[in-house]
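K.L.:
need coordinates for the below:
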Amino acid sequence: MVASTASPPLEAPARTRPQRRSIVDRLRRDWTLLALCLPGVLYFVIFFYIPVLGNVIAFKDYAPFLGISESPWVGLQNFVDLMAEPEFWSAVSNTLQITVLQLILFFPAPIALALLLNSLVGHRIKKFIQSVVYLPHFLSWVVVVSMFQQVIGGAGTVSSFLNSHGITIGNLMSNADTFKLLATAQVIWKDCGWGTIIFLAAITAIDLDKYEAAAIDGADWKRRLWHVTLPGIRSVILMMLILRLGDILSVGFEQMVLQREAVGAGASEVIDTYVYYHGIRDGDWGMSTAAGLMKGVIGAALIFAANKLAHRFGEQGIYR
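P.N.:
Okay, here's the model as predicted:
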């Protein structure tokens, strides 16, 4: 017999783990990037995280001349008084009604506008329309409310035109019955164009080969929209919805304050204006802080719940 001369199999070289850098080395390596991030970090720390500590006055009978440390503790009494306040529940009701209207009417509007802009063929026309619809976002609410007053107010352009033709619509800016729809329309006009930026970016990230394959299979533009575009931006839509739910109880403080006198507190009082008028004007700091704290806790809980629900549907959400 001939002895086998086959060589034994070569062993794979052992992998060497990369040596971990110390914190000092990483700080020295990335100090330029950290320096660029520092102003933003300081902004959030000073104006967002440090003020959170002031929520302790929700559990105190706070008096400004005594300060936070000297004001007596009252436990949950401010929350008990808040639950028994009819004006607070009226503010909660108005907030929820406006929120539902904005979720139904405003949230889909940037998605629809992004799909419409993406369907335009001419590059110059698309850029021009994008610039036009972005512009209202940079206007203050004072300007926006004034513009609506000049258009649909009692002596506005539209009202005057309809009155001259025998059609009386009254002053829509002071109509409490239609105020919530008016507030939603103002938000759509102001921020719909700005909200398309993220959705347009998500649409452009979709692989063009999928559209070509769908077209070869005979899919028209409706089927390509339903089976390619919308599934391609579904994760972004869910992420924006989760973030919107976290801010669901904030429906525009400036917008409501500017129109409160015209339509009355019964129609325009929301949680943010309730906190302002009862805390700053009436001096009931403890109970108004309790209302703001409840709003923040509910918003955080909605974010966690919606993100968990997104994971159940196999989506990334905003964190893992």
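K.L.:
every contact and neighbour count from this point should use C-alpha atoms.
P.N.:
Will do.
K.L.:
what's the helix or strand for the residue most central in space within the chain?
P.N.:
With distances taken as C-alpha atoms, centre = their mean, the chain has residue 244 as the residue nearest its mean C-alpha position (4.1 Å). Applying DSSP states H and E as the criterion places residue 244 in helix 234-246.
K.L.:
quick one: that helix to chain centroid distance?
P.N.:
Distance, stretch centre to chain centre, for helix 234-246: 9 Å (C-alpha atoms, centre = their mean, to the nearest Å).
K.L.:
swap in stretch 76-88?
P.N.:
28 Å.
K.L.:
name the surrounding residues that touch it.
P.N.:
58-60, 89, 271, 274, 286-287, 290-291 (C-alpha atoms under 8 Å, 6 or more residues apart in numbering).
K.L.:
filter those residues down to the buried ones.
P.N.:
Buried residues within those, counting neighbours by 16 or more other C-alpha atoms under 10 Å: 58-60, 271, 274, 286-287, 290-291.
K.L.:
for the contacts of stretch 76-88, name the two members farthest from one another.
P.N.:
Spatial extent of these (C-alpha to C-alpha) is set by the pair 60 and 89 at 21.9 Å.
K.L.:
neighbours around residue 205, how many?
P.N.:
11 (other C-alpha atoms under 10 Å).
K.L.:
let me see the backbone angles for it.
P.N.:
phi -80, psi -10 (degrees, to the nearest 10).
K.L.:
mind checking how far it is from residue 197?
P.N.:
Distance of residue 205 to residue 197, given as C-alpha to C-alpha, to the nearest Å: 13 Å.
K.L.:
ditto for residue 87
P.N.:
In terms of C-alpha to C-alpha, residue 87 sits 38 Å off from residue 197.
K.L.:
same question, residue 95
P.N.:
Look at residue 95 and residue 197: by C-alpha to C-alpha, they are 27 Å apart.
K.L.:
same check on residue 46?
P.N.:
29 Å.
K.L.:
okay, buried residues for stretch 172-186 please.
P.N.:
The neighbour-count criterion (16+ other C-alpha under 10 Å) identifies 172-176, 179-186 as the buried residues of stretch 172-186.
K.L.:
try stretch 228-237
P.N.:
Buried-residue list, stretch 228-237, by 16+ other C-alpha under 10 Å: 228-230, 232-233, 235-237.
K.L.:
so how far is that stretch from its chain's centroid?
P.N.:
Mean C-alpha position of stretch 228-237 versus that of the full chain (C-alpha atoms, centre = their mean) differs by 19 Å.
K.L.:
can you tell me what sits against it?
P.N.:
Outside stretch 228-237, the residues touching it (C-alpha under 8 Å, 6+ apart) are 199, 202-203, 206, 210-211, 315-317.
K.L.:
could you dump the residues you listed to CSV with pLDDT?
P.N.:
What follows is the contacts of stretch 228-237, written out as CSV (pLDDT from 0 to 100):
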residue, pLDDT
199, 91
202, 90
203, 89
206, 87
210, 86
211, 83
315, 72
316, 71
317, 70
